[in-house]
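Enquirer: The sequence isn't on hand, but the structure is:
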Ligand code: HEM
Ligand SMILES: Nc1ncnc2c1ncn2[C@@H]1O[C@H](COP(=O)(O)OP(=O)(O)OP(=O)(O)O)[C@@H](O)[C@H]1O
Ligand SMILES: Nc1ncnc2c1ncn2[C@@H]1O[C@H](COP(=O)(O)OP(=O)(O)OP(=O)(O)O)[C@@H](O)[C@H]1O
Ligand SMILES: [Mg+2]
Ligand SMILES: [Mg+2]
């Protein structure tokens, strides 16, 4: 926790600077022929999609760690990763929808990637609901950890959906099997900067949330001790 | 003046006749303790006095109110502490008491509720869901209702079970105060020692009727 | 030879520390009775001894079996009569006992089951669903399991509650036989008078530890 | 009497909503149901319009039954149902409270499902959405009324369980059919929902008149 | 160990058949859904064939959800769940027993629903009915496995039924899709159900491998 306290501020600063620089790059990047201005959504959409998946990965790993080592820190990180992941998932869905309107002519289509991403959002909310509605101490952490691990089957589905099924959605741009880079060289630098900024932003959010969770738990202990001393 | 009068009360569950023409009269400030074997019908009798079931046979008057047509008024004047705690596991003690008070249309401030919770020794746990309370803690909370409602008649089904020795002392002093204030108590118990601290009239329930002593019951 | 040994047992629910480094050793044929205030952790201790929860801290050996790796073997050697009756309301007493026996892989003939049901005074009710049983009848049926399973360790949480005086006598003689046969008992109770009929070692649970007498507990 | 009914409903609904993320979990429950329907039927635009009434009513039925399964769940734990009946309010008030709670929850879920269905299935019926919702409300009134009574039956009685299904089905089927037809009638320009809505109203009146009476009779043992 | 599992399943199934509580409510619900859809679509023969797989799977899913809400109902009454965990069998056996009981009930309901649907919707697929049922069984295996685990998880939760649905529906969505597609593939002459059945098998294996493990973790407090 001490470590988290120390890195919180630097992370925030770097995220802010990165976002500012990234956005500056984005608005100075060349406009795509076919896509026009809407291509700029890419720079939000892709990094937030990656972060949504990454947060779930973090959640899965810390859940396994919690069940295995009974480490409370792992549980705190797991609890913190959920709302952050949900936020990024929501941003991905929203930016994708906004982008979809000019590109595909519809806000929403039921293709494999979109559906599996929606499922991810439901999962995130399910995890939050489960944790808050089990009031037996200890049980909620364990139950959410188990559920998170089972829910991880959705990750490969999201990631490989564009390969496994014929979808509306773009196939992977980096090192795709087809080998045709859909992202041109000029688009790459702002994307990389934005990606780095989003990573810092995500880390910052998780750290803030984790410290809040830890503080809340600490407070409960103090509360109990105070009441015990009052006897 | 007679305040509670039961005459010719019979009750059966399916084919099993549990109470057979039972009579009981009580005056204000009196305490009747029901003794009897397991399954003899003590809880059934208390439940009938609470008007939870409609009576199958017989007549029951409380303070002049007839259960046949004023069930709701009778219920308003009594508190029944049964084997079941009637607590909602997901609510805290304060919320449970508030719900109880609302159902009885009592006006209770939050402070009063908290004081009551503290009075039964649960101050520390006032804001935790009751599902995980220990048996005695639940019992204490159930008894706290009596403090709120100030009823005319108190029906207690084995109130001492699960209470620790301080709890028993507290309960007995509370009940003595209650009796002194003119309240009536009908209690079922298996524990003559603990009841001894109360001025009471023992009654023995056997074969569906009440007897004044164990001897007369056995013959 | 020491048959039961608990060392350094701690347990907390969420942030509430209930047991703090508690020790207990027992030999065959011994009976330990736990006294303590409501909410002091008696039931929690019994539940831990039943291996229903995994232990958070400490070590627990029964007949040389370590709870850390032989939970199922330990469970096979004990019967836990808790606050809850564990009965299925839609099954009859005989069916309930049969289910219990099957879970423990005991071979019980229908006759044996019926005899056991009669032995606890429920012969008349052997084929009625238990949901509508009285509190004492449920308790008797719960205790009937002990007769079937013949365990090495008996964990009893307030076994006397709801039993009538004959029931208490029956239970005490059954427990005395059990101890004479080399069984061990850990019991939680609020009732020193009733336990008096048993040769036992009292223990007082306070602030998460066990004390030999009430005095030492208070200081 | 109303105070007590309100209290019971409050405990079931507000008590539920205030704590935790109940509201958002209901919303996402609704979304999940739609994902399932999408996966099952894969409707295109045209068939979606035809499917809509059926989907809506199937979810009404499902959510209200699901709610009904737990109407008395909170009361089961420590014999709290007995506690309710010991209240000095008439038994009708207890019924009213339980019914209101269930009604509110079902309506809430339905209010989320309806627009979501229209968005996700691309059905353009926004100009009649209030009518559709109105029809749903009409159906839900009767359905939950009857449902709470039957839930109480299964809770209080010994083996009336079978009775539940046997009774509820023939009673509810006509209501559901009327609801589906009325919804379909409302959605198209030249529909004639009138008679079906009348039928819905008749069912509502009958069920809501009978249910409290049946409830009091039932628990009076 | 198997004996104990069998006993637990036996108690649930026989006890249930005797009281016929969840069986009848599941059946009731399924039939009501069929009535709703029949009223909504009044499908002609052709569209009925197209609808059938989705309809079957939607009813499978929702009826089993209704059943799952009650898996541990019998155990709630007197803390009997604790009693199960005190048995000297491994916790996996407890899970197995509960799962088997639920599986049997769901299969029973489904075995009644399938011919009923085909009659109601006038679908002539009697010659492949065994194949359709086989596909349903495959899906139900994984569905109930995961479902029983989630039911155990949400047992003590507030608004349990919504939560259960909220958690289960997204997780089984892929299974549902595979099931619908496989059923459709089985029903037509030149269908290719192969890959979808493989997918079903994969999900069955994953869920049935994870569920007992998760259950043991969960109750090992
Ligand atoms: C609501 C709609 C949408 C959702 C839920 C969505 C979801 C996602 C997800 C989850 C990823 C990351 C995949 C991974 O890393 O495995 C992604 C990447 C991407 N999306 Fe979308 N998307 C949506 C709409 C769109 C639209 C309309 C476009 C453009 C026409 C688009 C273009 C891209 C591109 C170019 C990538 C990067 C490809 C890659 O690296 O794999 N998306 N999207
Ligand atoms: N709701 C019911 N339906 C059917 N039978 C019942 C019901 N309630 C009680 N009984 C039966 O009535 C008899 C008396 O039960 P009751 O609970 O009144 O006994 P009790 O005197 O309170 O016993 P205990 O001392 O064990 O609490 C029992 O045989 C019981 O099985
Ligand atoms: N499963 C649980 N989850 C959370 N807290 C619990 C749980 N079980 C018990 N507790 C808490 O632990 C404390 C000890 O409870 P326990 O039931 O062991 O007390 P006890 O000594 O048996 O009391 P009693 O004499 O009233 O039966 C109580 O404060 C209770 O609220
Ligand atoms: Mg009794
Ligand atoms: Mg206890």
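Expert: Now that the structure is in, tell me what you want to look at. These numbers were taken from a predicted model, which means no experiment stands behind them. Ligands and ions are numbered 1, 2, ... in the order given.
Enquirer: Over to the residue nearest the centre of chain D: give its phi and psi.
Expert: What sits nearest the mean C-alpha location of chain D, by Cα atoms, centre = their mean, is residue D:64, with 3.8 Å. Dihedral angles of residue D:64 (phi, psi; degrees, to the nearest 10) stand at phi -70, psi -40.
Enquirer: dump the residue contacts of the closest residue to it other than its chain neighbours.
Expert: With Cβ to Cβ, 6 or more residues apart in numbering or on different chains as the criterion, residue D:64 has its nearest non-adjacent residue at 4.5 Å, and that residue is residue D:106. Placement of C-beta: from N, CA and C, glycine included. Taking Cβ atoms under 8 Å, 6 or more residues apart in numbering or on different chains, we find residue D:106 in contact with D:60, D:63, D:64, D:67, D:140, D:143, D:144.
Enquirer: From those, pick the one nearest chain C.
Expert: residue D:67 (24.1 Å; Cβ to the nearest Cβ).
Enquirer: Give me the average confidence score over the strand or helix carrying the closest one.
Expert: Take DSSP states H and E as the rule and residue D:67 turns out to sit in helix D:45-69. For helix D:45-69, mean pLDDT is 78.
Enquirer: Could you list every helix and strand that that helix packs against?
Expert: helix D:22-41, helix D:91-120, helix D:129-156, helix D:161-187, helix E:21-41, helix E:45-68, helix E:160-187 (3 or more Cβ pairs under 8 Å, 6 or more residues apart in numbering or on different chains; DSSP states H and E).
Enquirer: who's in contact with residue A:12?
Expert: So residue A:12 contacts residue A:204 (Cβ under 8 Å, 6+ apart).
Enquirer: I'd like the distance between it and residue B:142.
Expert: When distance is defined by Cβ to Cβ, to the nearest Å, residue A:12 is 52 Å away from residue B:142.
Enquirer: Could you report the neighbour count for residue D:55?
Expert: 25 (other Cβ atoms under 10 Å in any protein chain shown).
Enquirer: That one is in contact with residue D:38, isn't it?
Expert: No - using Cβ atoms under 8 Å, residue D:55 is not in contact with residue D:38; the gap is 9.9 Å.
Enquirer: who touches the residue nearest to the centre of chain D in this structure?
Expert: Contacts of residue D:64 by Cβ under 8 Å, 6+ apart are D:102, D:106, D:140, D:143, D:144, D:147.
Enquirer: do the same with residue A:52
Expert: Contacts of residue A:52 by Cβ under 8 Å, 6+ apart are A:85, A:88, A:89, A:91, A:92, A:117, A:120.
Enquirer: so for whatever helix or strand it lives in, what's the average pLDDT?
Expert: Using DSSP H and E, residue A:52 sits within helix A:42-69. Here helix A:42-69 scores 91 as its mean pLDDT.
Enquirer: Also stretch B:59-71?
Expert: 89.
Enquirer: that older thread, now whichever helix or strand comes after the helix holding residue A:52: buried residues?
Expert: Using DSSP H and E, the next helix or strand after helix A:42-69 towards the C-terminus is helix A:72-104. Buried residues in helix A:72-104, counted by 16 or more other Cβ atoms under 10 Å in any protein chain shown: A:74-89, A:91-93, A:95-96, A:99-100, A:103.
Enquirer: cool, and stretch D:194-208?
Expert: D:196, D:197, D:199, D:200, D:203, D:204, D:207.
Enquirer: Residue D:140 is in contact with the fourth one, correct?
Expert: Read it as residue D:200. No - the pair residue D:200 and residue D:140 does not pass the contact test of Cβ under 8 Å, sitting 10.2 Å apart.
Enquirer: Can you verify residue B:86 is assigned to a helix?
Expert: No - counting by DSSP: H, G, I helix; E, B strand; the rest coil, residue B:86 falls outside a helix, being coil.
Enquirer: Ramachandran angles for the nearest residue to it once chain neighbours are set aside?
Expert: Sequence neighbours aside, residue D:83 is the residue nearest to residue B:86 in space, at 3.2 Å (criterion: Cβ to Cβ, 6+ apart). Residue D:83 adopts backbone torsions of phi -60, psi -40, taken as degrees, to the nearest 10.
Enquirer: Number of residues surrounding residue D:83?
Expert: 24.
Enquirer: same deal with residue D:108?
Expert: 18.
Enquirer: Kindly report the same for the one 10 residues further on.
Expert: For residue D:118, the count of nearby residues is 18 (other Cβ under 10 Å).
Enquirer: With residue A:11 as the reference, measure out to it.
Expert: Distance from residue D:118 to residue A:11, by Cβ to Cβ: 42 Å.
Enquirer: again with residue A:40
Expert: 25 Å.
Enquirer: do the same with residue D:136
Expert: Counting by Cβ to Cβ - residue D:136 and residue A:11 are separated by 49 Å.
Enquirer: Name the residue in the two with the higher neighbour count.
Expert: residue D:136 (25 against 21).
Enquirer: Excluding residues flanking it in the chain, which one is nearest that one?
Expert: residue D:110 (5.5 Å).
Enquirer: Quick one: neighbours of that neighbour, just the number.
Expert: 20.
Enquirer: same deal with the one 3 residues further on?
Expert: Residue D:113 sits with 23 neighbouring residues when counted by other Cβ under 10 Å.
Enquirer: Now it: closest residue in space that isn't a chain neighbour?
Expert: In space, residue D:113 is closest to residue D:30, 4.6 Å off (Cβ to Cβ, 6+ apart).
Enquirer: same question, residue A:190
Expert: Using Cβ to Cβ, 6+ apart, the closest residue to residue A:190 is residue A:25 (3.6 Å).
Enquirer: What's the local residue count around residue B:35?
Expert: There are 23 residues near residue B:35, going by other Cβ under 10 Å.
Enquirer: got the contact list for it?
Expert: Residue B:35 touches B:188, B:189, B:190, B:192, B:202, B:203, B:204, B:205, B:214, counting by Cβ under 8 Å, 6+ apart.
Enquirer: same thing but 7 Å
Expert: B:189, B:202, B:204 (Cβ atoms under 7 Å, 6 or more residues apart in numbering or on different chains).
Enquirer: can you list the weak-confidence ranges in chain D?
Expert: Within chain D, the stretches falling below the threshold (pLDDT under 70) are D:1, D:14-22, D:45, D:68-71, D:154-169, D:221.
Enquirer: next one: chain B
Expert: Along chain B, the model assigns pLDDT under 70 to residues B:1-2, B:215-219.
Enquirer: and it, which of its residues are near chain E?
Expert: Proximity of chain B to chain E, by Cβ under 7 Å from any Cβ of the partner chain, involves residues residue B:90.
Enquirer: Apply 8 Å and report the result again.
Expert: B:90, B:131 (Cβ under 8 Å from any Cβ of the partner chain).
Enquirer: Run through the helices of the chain in chain order.
Expert: I went with chain A, as the question did not name one. A:2-28, A:42-69, A:72-104, A:112-133, A:139-151, A:154-164, A:188-230 (DSSP state H).
Enquirer: ah, I was thinking of chain B
Expert: Using DSSP H, helices in chain B cover B:42-49, B:71-76, B:93-103, B:110-119, B:135-149, B:165-180, B:192-195, B:214-218.
Enquirer: Against which helices or strands is the longest one packed?
Expert: Same thing as helix B:165-180. Using 3+ Cβ pairs under 8 Å, 6+ apart: helix B:165-180 touches helix B:135-149, strand B:184-188.
Enquirer: Could you rerun that using 6 Å?
Expert: Helices and strands touching helix B:165-180, by 3 or more Cβ pairs under 6 Å, 6 or more residues apart in numbering or on different chains; DSSP states H and E: there are none.
Enquirer: That helix and ligand 5 in contact?
Expert: No - remark: helix B:165-180 sits outside contact range of ligand 5, by Cβ under 5 Å from the ion, the gap being at least 12.3 Å.
Enquirer: Tell me who's in contact with the residue of chain D at minimum distance from ligand 4.
Expert: Here chain D gets closest to ligand 4 at one residue, residue D:79, 12.6 Å apart by Cβ to the ion. Residues near residue D:79 by Cβ atoms under 6 Å, 6 or more residues apart in numbering or on different chains: B:84, B:86.
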